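>>> When you get a sec, could you give me coordinates for this:
(one chain, ligands or ions: 2)
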Amino acid sequence: MNNDQNSFRDRIVTMNEEGRRNWVYANQPNGRYYTARTIVAWILLLFLFAAPHIKVAGEQLLLFNILQRKFVLFGVVFWPQDFHLFVIGLITIIISIVTFTVVYGRVWCGWACPQTIFMEMVFRRIEYWIEGSGDQQRIRAKGEDTFDKLWRSLLKHFIFIVISWAITHTMMAYIVGADKVHEYIVSSPSDNLSVFIAIMVFTGAFYFVFAYFREQVCSLVCPYGRLQGALLDNNTLMVTYDYKRGEGRAPMRKGEDRIAAGKGDCVNCNKCVSVCPTGIDIRNGIQLECINCTACMDACDSTMRRYNLPEGLIRITSQNNIQNGSSFKWTPRIIAYTALTTALIGVLVVLFTLRSSYETTILRVQGSLYQKIEEDTYSNIYNYKIINKTEHEGNLRIELVSPKGTVELAGSSLLIKKQEKLQGAFLIKLDKEVLEGTSTPLVLGIYNGDELIETIHTTFVGP
Ligand code: SF4
Ligand code: SF4
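Ligands and ions are numbered 1, 2, ... in the order given. The predicted model follows:
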């Protein structure tokens, strides 16, 4: 390609030369990929809206309560003490997405990203329903202002606001919990004015994104989208136009031998462009705006079928496959990312397996020394904090494993409710003969019934 042909790379396609927005009136695709995407989208949407209302052992299925530092994943509660698991889990997810992107391109963007799913499967479908196809929308937008245009626009924006409001409440349910959100809904806005204002602000933000900002999120704002230039290479599988087969593009003429006429399979029907939600022409090559939604594949396949040409002129393949016919290769980059992802998943599995059901901290009271109780007996005072991470009440006790001595609890028992913490103090008494100078190592056992659940090492200060 010469520089002129490459000029489309100088600015994003949704911006004209004066810097104004070129509105994308994408037509609705129709084909097997769109059907598959619809199924995937509805499953994910169902999960997104249902998850905060599903309870597992009394806990919300997913909760990310940053304010109270309480995180629940599939009913398992993570305490601030488990934060390292959360961080490793997050890093693993990010590295997995990077690995996946290196091999499969932006599948996430086109098929699973909430922005695309809401935009293409919810908001744009409502637009098709009320205002017709992309072409009809363009004609109506450029036409005169009529009552027909007005009521359609009002109805569409009203529904957009209602859905934005529903999205805001669902997002809130993931943060503060579905029960709390229900409380907010049934109470008066004046009872929770700051929450009410936050709901209005976020509803407005979602409405703005889906009604106006749209594909600009993917092209200009999303950091993952901006990373594509660094992640993709010629071996990455992406939605790609087979220029070797397609060029020179020209309309189909009846009875013409296209090969003899030096023409390719692209009949220049422009359907691939008309369905593209980011407004690009995939025949120009790989572009940053392409979210790999596969809409152009459906559009082109329908044209190929119409003219009895083989499907797949636009298909998921790599640049190397188009250029040299070479198939998928394990490059050092793919091997490195895959190894890193596997290692992180391994670490996560081990840490999850070793995650204790109780977490105990025992510390000698700060600044305290030993106390002489009798002629040959000394005591130290300790603070304890125990977190019960299980779904059952625990009846615990602290015992001295070594050396021999006695533990005297300040309260009567260590009864600890599920998912709660208990703290208090206790004394340890040791005979003079077991002391090893000023600091004697201690081993304490925390028992739940007969089961030893944790072993704690600390020291005893002596004379
Ligand atoms: S070029 Fe094709 S795959 Fe890429 S965003 Fe446009 S329609 Fe989707
Ligand atoms: S849909 Fe296929 S045939 Fe039509 S212009 Fe696009 S690439 Fe060419």
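
>>> domains of this protein?
Listed domain ranges for the chain are 9-230, 234-324, 358-461 (source: automatic domain parsing).

>>> need those in a markdown table with mean neighbour count, can you?
All C-beta atoms are positioned from the backbone trio N, CA, C, and that covers glycine. What follows is these, written out as a markdown table (neighbours: other C-beta atoms under 10 Å):
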| stretch | mean neighbour count |
| --- | --- |
| domain 9-230 | 15 |
| domain 234-324 | 18 |
| domain 358-461 | 15 |
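
>>> a markdown table please, covering those domains and showing mean pLDDT.
What follows is the domains of the chain, written out as a markdown table (pLDDT from 0 to 100):
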| stretch | mean pLDDT |
| --- | --- |
| domain 9-230 | 90 |
| domain 234-324 | 91 |
| domain 358-461 | 87 |
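
>>> Nearest to ligand 2, out of the ones you listed?
The closest approach between ligand 2 and any of the domains of the chain, judged by C-beta to the nearest ligand atom, belongs to domain 234-324 at 3.3 Å.

>>> is the closest one up against ligand 2 anywhere?
Yes: counting by C-beta under 6 Å from any ligand atom, ligand 2 is contacted by domain 234-324 at 241, 246, 249, 266-272, 283, 299-300, 303, 313-314.

>>> Now do the contacts for the residue in the stretch 51-200 of the chain that ligand 1 sits nearest to.
Nearest to ligand 1, among the residues of the stretch 51-200 of the chain, is residue 110, at 6.2 Å (C-beta to the nearest ligand atom). Taking C-beta atoms under 8 Å, 6 or more residues apart in numbering, we find residue 110 in contact with 37, 116, 239, 291, 292, 293, 294.

>>> Kindly recompute the last result at 6 Å.
Residues near residue 110 by C-beta atoms under 6 Å, 6 or more residues apart in numbering: 291, 292, 293.

>>> where does it fall, helix, sheet strand or coil?
helix (DSSP: H, G, I helix; E, B strand; the rest coil).

>>> With the one 5 residues further on instead?
Recorded secondary structure, residue 115: helix (three-state DSSP).

>>> Likewise for residue 77?
Judged by three-state DSSP, the three-state class of residue 77 is strand.

>>> residues contacting it?
Residue 77 makes contact with 59, 419, according to C-beta under 6 Å, 6+ apart.

>>> Not counting its neighbours along the chain, what's nearest residue 347?
Leaving aside its sequence neighbours, residue 347 sits nearest to residue 88 (C-beta to C-beta, 6 or more residues apart in numbering; 6.3 Å).

>>> Look at that neighbour and give its secondary structure.
Classified using three-state DSSP, residue 88 is helix.

>>> what do you get for the one 4 residues further on?
Residue 92 carries the three-state label helix when classified by three-state DSSP.

>>> list the contacts for it?
Residue 92 touches 344, 345, 348, counting by C-beta under 6 Å, 6+ apart.

>>> so what's it closest to, chain neighbours aside?
Nearest non-adjacent residue to residue 92 (C-beta to C-beta, 6+ apart): residue 344, at 4.2 Å.

>>> rewinding a little: closest one of the residues of domain 234-324 next to ligand 2 to residue 49?
Distances from residue 49 to those, taken as C-beta to C-beta, are shortest for residue 299 (30.3 Å).

>>> What helix or strand is the closest one located in?
Element membership for residue 299 (DSSP states H and E) is helix 295-306.

>>> thought residue 106 was touching residue 293?
No: Residue 106 is beyond contact range of residue 293, at 8.8 Å (criterion: C-beta atoms under 6 Å).

>>> Tell me how many other residues surround the residue of the stretch 351-463 of the chain found nearest ligand 1.
Across the stretch 351-463 of the chain, no residue is closer to ligand 1 than residue 352, which sits at 36.9 Å (C-beta to the nearest ligand atom). Residue 352: 13 surrounding residues under other C-beta atoms under 10 Å.

>>> element containing it, please.
Counting by DSSP H and E, residue 352 is found in helix 332-354.

>>> Mind listing the strands whatever helix or strand comes next after that helix pairs with, and their directions?
Beyond helix 332-354 on the C-terminal side, the first helix or strand identified by DSSP H and E is strand 358-364. Each strand paired with strand 358-364, and its direction, by DSSP bridges: strand 377-388 (antiparallel).

>>> Return the distance of the strand it pairs with from the chain's centre.
42 Å (C-alpha atoms, centre = their mean, to the nearest Å).

>>> do stretch 283-290 as well
25 Å.

>>> That one vs ligand 1: in contact?
Yes: under the criterion of C-beta under 6 Å from any ligand atom, ligand 1 is reached by stretch 283-290 at residue 290.

>>> Next, the distance between the ends of that stretch.
Stretch 283-290 stretches 11 Å from its first residue to its last (C-alpha to C-alpha, to the nearest Å).

>>> So which residues make contact with it?
8, 219, 228, 241, 278, 280.

>>> near ligand 1, which of these show up?
Applying C-beta under 6 Å from any ligand atom to the contacts of stretch 283-290, those adjacent to ligand 1 are 278, 280.

>>> Include distance to residue 191 and secondary structure when you put the contacts of stretch 283-290 into a markdown table, please.
Listed next are these as a markdown table, based on distance: C-beta to C-beta, whole Å; DSSP: H, G, I helix; E, B strand; the rest coil:
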| residue | distance to residue 191 | secondary structure |
| --- | --- | --- |
| 8 | 54 | helix |
| 219 | 41 | helix |
| 228 | 46 | helix |
| 241 | 57 | strand |
| 278 | 43 | coil |
| 280 | 49 | coil |
